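Asks: make a model of this:
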Amino acid sequence: GKVTGLVEKPTENSEDLYRTVSLYLLNRKFLEILWEIPSEHYHFEKALAALIKKNPVDCVITEKENVSLKYAWNLFGVKDYLLKQLVLKISEQAEISENVIIEGAVYIEKGAKVFEGAVLKGPLYIGKDVIIGNYSLIRGGAVLEEGVRVGAYSEVKNSILGKGSGFDSGTVLDSIIGEDVKIGANVL
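Replies: Numbers count the residues shown, from 1 in each chain. Predicted coordinates for the structure are as follows:
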C-alpha cells in the first residue's frame, strides 16, 4: 500500500514494478519540490520521485483500466468515461425544435437551442446556452461546453468544443477546440 520509489521509463520488466496512472492527490510539499526541479520533459516525474524518497506515499493498486490526464489527447478517455455515465436528459429550459432527431444518451442543459432538422446521436453532452444550427449532425461522443455555437449544416463527432467556441459551418471530427475559439466557415 506504499510507493517507495518511482522509475520513469524502466529498462527491464520486473514483477515488482507497477505502472502509475491517472490521479495524484498532491500537497504543498510536492509543489515546493517541483519548483526546485529544473524545468525539462520529465521534471514532474522527477519531483514525484524526490517526494517519494523523502516520504513514501499511499497508493491504490487496481486491475481496472484508468484514464490519464498527462497529454491533451487524454481528455478523450476522460470524456468517454464520463459520457458512459449519461442517460437521456433534456432540460425543460432548452429549446428543441419539433423535427429534431434525438437518439441514445443525450444530455442537454438549460438555455440550449437546437434548430430544425438537427440530428443528435448519443452519447452527447450539450452545455448551457449552446446553439446548434439547422440540419446539423452531432454524434459519437461529442461534448459541447457552455455557449458553443455550431452553425447550420455542420457535423461534430468525437470532439470537445470548449466554452464559448464555435464555427459557422463545416465538420469537426476527433478534435479538441479550446475555450473562446472562433473558426471560420467551411472548416474541415
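Asks: and the residue most central in space within the chain, what helix or strand is that in?
Replies: Computing the C-alpha centroid of the chain and ranking residues by Cα atoms, centre = their mean puts residue 75 first, at 3.4 Å. Under the criterion of DSSP states H and E, residue 75 resides in helix 75-83.
Asks: so for that helix, what's the average pLDDT?
Replies: Averaging pLDDT along helix 75-83 yields 91.
Asks: residues contacting that helix, please?
Replies: 67-69, 105, 122-125, 141, 143, 158, 160, 176 (Cβ atoms under 8 Å, 6 or more residues apart in numbering). Where you see a C-beta, it was placed from the backbone N, CA and C, and this is true even at glycine.
Asks: any buried residues in that helix, and which?
Replies: 76, 79, 83 (16 or more other Cβ atoms under 10 Å).
Asks: sheet-wise, list the partners of the helix or strand just after it with their directions.
Replies: Following helix 75-83 in sequence order, the next helix or strand is strand 89-90 (DSSP H and E). Next to strand 89-90 in the sheet, as set by DSSP bridges, lie strand 106-108 (parallel).
Asks: packing partners for the very next helix or strand once past the partner strand?
Replies: As assigned by DSSP H and E, the chain's next helix or strand after strand 106-108 is strand 113-114. Under the contact criterion of 3 or more Cβ pairs under 8 Å, 6 or more residues apart in numbering; DSSP states H and E, strand 113-114 touches strand 95-96, strand 131-132.
Asks: and of the ones you listed, who's closest to residue 56?
Replies: Minimum separation from residue 56 across these (Cβ to Cβ) falls at strand 131-132, 50.9 Å.
Asks: mean confidence for stretch 112-128?
Replies: 98.
Asks: how about it: buried residues?
Replies: When neighbours are counted by 16+ other Cβ under 10 Å, the buried residues of stretch 112-128 are found to be 112-115, 117-128.
Asks: residue 119 against residue 142, yeah?
Replies: No. Shown here, residue 119 and residue 142 do not form a contact pair, counting by Cβ atoms under 8 Å, at 11.8 Å.
Asks: before we move on, the earlier item: between the buried residues of helix 75-83, which is nearest residue 95?
Replies: Nearest member of the buried residues of helix 75-83 to residue 95, counting by Cβ to Cβ, is residue 83, at 23.0 Å.
Asks: distance from the least confident helix or strand in the chain by mean pLDDT to the middle of the chain?
Replies: Among the helices and strands of the chain, strand 57-58 carries the lowest confidence by mean pLDDT, DSSP states H and E, at a mean of 82. Distance of strand 57-58 from its chain centroid, counting by Cα atoms, centre = their mean, to the nearest Å, is 27 Å.
Asks: in its sheet, what does it sit against?
Replies: As defined by DSSP bridges, the strand partners of strand 57-58 come to strand 2-3 (antiparallel).
Asks: distance from the centroid: which residue in the protein tops it?
Replies: Outermost in the chain, Cα atoms, centre = their mean: residue 54 at 33.5 Å.
Asks: ok, now which ones touch that one?
Replies: 29, 33.
Asks: I appreciate the help and will end here.
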